[in-house]
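Q: Please work out how this folds:
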Amino acid sequence: MASSPGTSSSASRAKSREAPANLKPVGTGPYRIVEFKPGDVVRAEIFPAYHEPNWPFFDRLEMKGGGDAVSAARAVLQTGEYDFAWNMQVEDELLQRMEQGGKGKIEIAWGGGIEHIVCNFSDPWREVDGERSSLKAPHPFLTDPSVRSALSLLVDRAAIQEQIYGRFGRTTANYLNAPEMFRSKNTRWEFSLEKASKVLDDAGWRRGPDGIRTKDGKRLRMLFQSSINASRQRTQAIVKQASAKVGIEMELKSIVPAVYFSADPGNPDTVAHFSADLQMYSFNANSPDPQRFMDPFVSWEIAQKANKWAGLNSTRWHDDEYDRLARAARSEMDAVKRAAAYIQMNDLIARHVVVIPFLWRGSAAAVSNRLRGTDISGWDSDCWNIAHWYRET
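A: Residues are numbered from 1 along each chain as shown. You can find the predicted model right below:
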């Protein structure tokens with residue numbers, strides 16, 4: 001049930017995240033929840049009144065959360081303890097070795113998933129009215145276009161794809177990559193230490209005695225955060241190494257995924273709080289239509305204390321032209337004109353280097369050789385047709 005603004009009190013909305021019913025989902029799908037421990041486990045049993053006769057196949061279902069992607073892959077591909085694991089954010093080389101065990105395989109589907117580095121347009125080190133990364137406090141140097149442009153030139157997309165992601169990733173300069181009609185042909189990516197150095201030199205960022213660039217008393221020293229994940233830590237290291245060569249110092253931070261991707265309004269280490277200068281994660285489209293996928297850059301989605309950091313826009317970037325295009329695209333009935341609007345929006349993000357997209361990532365799942373009926377989609381939950389899954393003995 002949904003309510004429009006003004007139909008419920010602010011006090012009740014403030015407690016919505018703690019509502020007991022959140023842990024007691026009700027539905028008419030193939031399975032019904034009998035136990036739900038956030039970040040740990042979901043247990044379900046067959047729903048006898050499911051609308052398809054003779055389905056689902058399994059009497060009981062267990063989904064294990066927490067942990068890490070490597071352990072999840074190993075539980076399917078090596079030990080056979082589980083039948084399925086999704087979001088295999090694991091180095092391809094390691095997964096290929098696991099597949100040689102003969103107990104499972106990796107399935108890949110292409111949707112709109114993007115691995116990207118996000119720039120903070122607000123100051124994470126200054127607190128205003130009890131809020132860090134406040135709209136009232138612009139970032140001391142990431143609001144400088146030259147710094148963001150240099151950072152984009154320092155991301156070695158080819159090395160990241162070849163050395164880490166392999167068959168799961170395709171290099172890109174676009175945030176919006178699929179469906180094809182929405183993909184911009186106007187963008188290009190480049191890796192160049194020389195050009196990054198020149199961009200900073202021309203903008204007046206000079207190397208100090210310690211090699212770190214400074215301007216007007218500000219040092220190019222950044223905190224770069226991401227979730228704990230071997231692929232992301234290797235990517236962070238590649239970017240840090242390149243940045244050091246041109247006089248940018250980076251400190252790397254890794255956060256437990258259950259914390260990093262949580263919606264806890266009291267935890268400063270979440271993606272939405274963005275208590276760092278740069279952060280990295282993937283964002284996936286749950287639909288081939290790009291409207292929601294492009295919402296992380298509209299002004300009304302800015303995550304802040306006022307909305308308990310529930311907005312999608314963690315960059316705190318605000319651009320009137322982007323907002324205008326987003327509103328227009330929502331009501332545009334001409335498919336060609338609508339696609340053109342989203343391409344323009346993608347190009348605005350790229351031109352202003354709001355984020356640095358570097359890898360169009362396929363959706364990868366580990367599937368047991370015993371499991372049949374899976375048909376993963378890059379646009380939906382991997383479990384969209386779980387009612388038709390069965391195990392071959």
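
Q: hang on, Val298 packs against Tyr322?
A: Yes: taking contacts as C-beta atoms under 8 Å, Val298 lies within contact range of Tyr322: 6.9 Å. Bear in mind the C-beta positions are built from the backbone N, C-alpha and C, glycine included.

Q: all strands for the stretch 101-250 of the chain, in order.
A: If DSSP state E, counting those that start in this stretch is used as the criterion, the strands of the stretch 101-250 of the chain fall at 104-109, 114-119, 127-128, 131-132, 169-171, 206-207, 213-215, 218-219, 221-227, 249-255.

Q: could I get those strands as a markdown table with distance to Arg372, mean neighbour count and mean pLDDT?
A: Converted to a markdown table, these look like this (distance: least, C-beta to C-beta, whole Å; neighbours: other C-beta atoms under 10 Å; pLDDT from 0 to 100):
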| stretch | distance to Arg372 | mean neighbour count | mean pLDDT |
| --- | --- | --- | --- |
| strand 104-109 | 12 | 18 | 94 |
| strand 114-119 | 31 | 24 | 98 |
| strand 127-128 | 55 | 13 | 96 |
| strand 131-132 | 50 | 17 | 94 |
| strand 169-171 | 28 | 18 | 96 |
| strand 206-207 | 60 | 14 | 97 |
| strand 213-215 | 57 | 20 | 98 |
| strand 218-219 | 57 | 15 | 96 |
| strand 221-227 | 32 | 21 | 98 |
| strand 249-255 | 37 | 17 | 98 |
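
Q: how about JSON lines for those, with distance to Val42 added?
A: Listed next are these as JSON lines, based on distance: least, C-beta to C-beta, whole Å:
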{"stretch": "strand 104-109", "distance to Val42": "21"}
{"stretch": "strand 114-119", "distance to Val42": "27"}
{"stretch": "strand 127-128", "distance to Val42": "38"}
{"stretch": "strand 131-132", "distance to Val42": "33"}
{"stretch": "strand 169-171", "distance to Val42": "29"}
{"stretch": "strand 206-207", "distance to Val42": "53"}
{"stretch": "strand 213-215", "distance to Val42": "49"}
{"stretch": "strand 218-219", "distance to Val42": "46"}
{"stretch": "strand 221-227", "distance to Val42": "21"}
{"stretch": "strand 249-255", "distance to Val42": "23"}
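
Q: Nearest to Tyr390, out of these?
A: Set against Tyr390 and scored by C-beta to C-beta, the strands of the stretch 101-250 of the chain come closest in strand 104-109, at 15.7 Å.

Q: how far is the closest one from where the chain is centred?
A: For strand 104-109, the separation from the chain centroid amounts to 20 Å (computed by C-alpha atoms, centre = their mean, to the nearest Å).

Q: separation between Met22 and Pro257?
A: You called it Met, but residue 22 is Asn. The span separating Asn22 from Pro257 equals 20 Å under the rule C-beta to C-beta, to the nearest Å.

Q: out of those two, which sits in the busier spot?
A: Counted by other C-beta atoms under 10 Å, Asn22 and Pro257 do not tie: Pro257 has more neighbours, with 22 against 11.

Q: and the gap between the more buried one and Ser71?
A: Relative to Ser71, Pro257 is positioned 12 Å away (criterion: C-beta to C-beta).

Q: Tell me the secondary structure at Arg327.
A: helix (DSSP: H, G, I helix; E, B strand; the rest coil).

Q: Report the rounded mean pLDDT for stretch 288-301.
A: Stretch 288-301 shows a mean pLDDT of 97 in the predicted model.

Q: What of stretch 305-324?
A: Per-residue scores along stretch 305-324 average to 96.

Q: May I see the buried residues of that stretch?
A: Neighbour-count burial for stretch 305-324, counted by 16 or more other C-beta atoms under 10 Å, picks out 305, 308-309, 311-317, 319, 322.

Q: of all the strands of the stretch 101-250 of the chain, which lies closest to Trp384?
A: Of all the strands of the stretch 101-250 of the chain, strand 104-109 sits nearest to Trp384, with 10.9 Å by C-beta to C-beta.

Q: For that closest one, output the C-alpha coordinates as PDB.
A: What follows is strand 104-109, C-alpha atoms only, in PDB (Å, rounded to 0.1, in the frame of the first residue of the first chain):
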ATOM      1  CA  GLY A 104      28.500 -26.300 -11.500                       C
ATOM      2  CA  LYS A 105      28.800 -23.600 -14.100                       C
ATOM      3  CA  ILE A 106      28.500 -19.800 -14.500                       C
ATOM      4  CA  GLU A 107      25.600 -18.300 -16.400                       C
ATOM      5  CA  ILE A 108      25.800 -14.700 -17.700                       C
ATOM      6  CA  ALA A 109      23.000 -12.400 -18.800                       C
END
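
Q: what are the pairing partners of it, and which direction each?
A: strand 363-368 (antiparallel) (DSSP bridges).

Q: Would you mind confirming that Ala244 is in contact with Ile238?
A: No: under the criterion of C-beta under 8 Å, Ala244 makes no contact with Ile238, lying 11.2 Å away.

Q: neighbour count winner among the two?
A: Between Ala244 and Ile238, counted using other C-beta under 10 Å, the more crowded position is Ile238 (19 against 14).

Q: Identify, among the helices and strands of the protein, the element with the weakest mean pLDDT.
A: Least confident helix or strand of the chain, by mean pLDDT, DSSP states H and E, is helix 10-14 with a mean of 53.

Q: Could you give the separation of whichever strand or helix holds Lys337 from the chain centroid?
A: Element membership for Lys337 (DSSP states H and E) is helix 335-352. Taking C-alpha atoms, centre = their mean, the mean C-alpha location of helix 335-352 is offset from the chain mean by 20 Å.

Q: before we move on, what about stretch 252-266?
A: 12 Å.

Q: Give me the contacts around that stretch.
A: When contacts are defined by C-beta atoms under 8 Å, 6 or more residues apart in numbering, stretch 252-266 is touched by residues 17, 39, 65-66, 68, 223-229, 232-233, 236-237, 240, 267, 269-272, 276, 281, 308-310.

Q: Mark which of these are buried, thanks.
A: Buried subset of those (neighbour count, 16+ other C-beta under 10 Å): 68, 223-229, 232-233, 236, 240, 269-272, 276, 281, 308-309.
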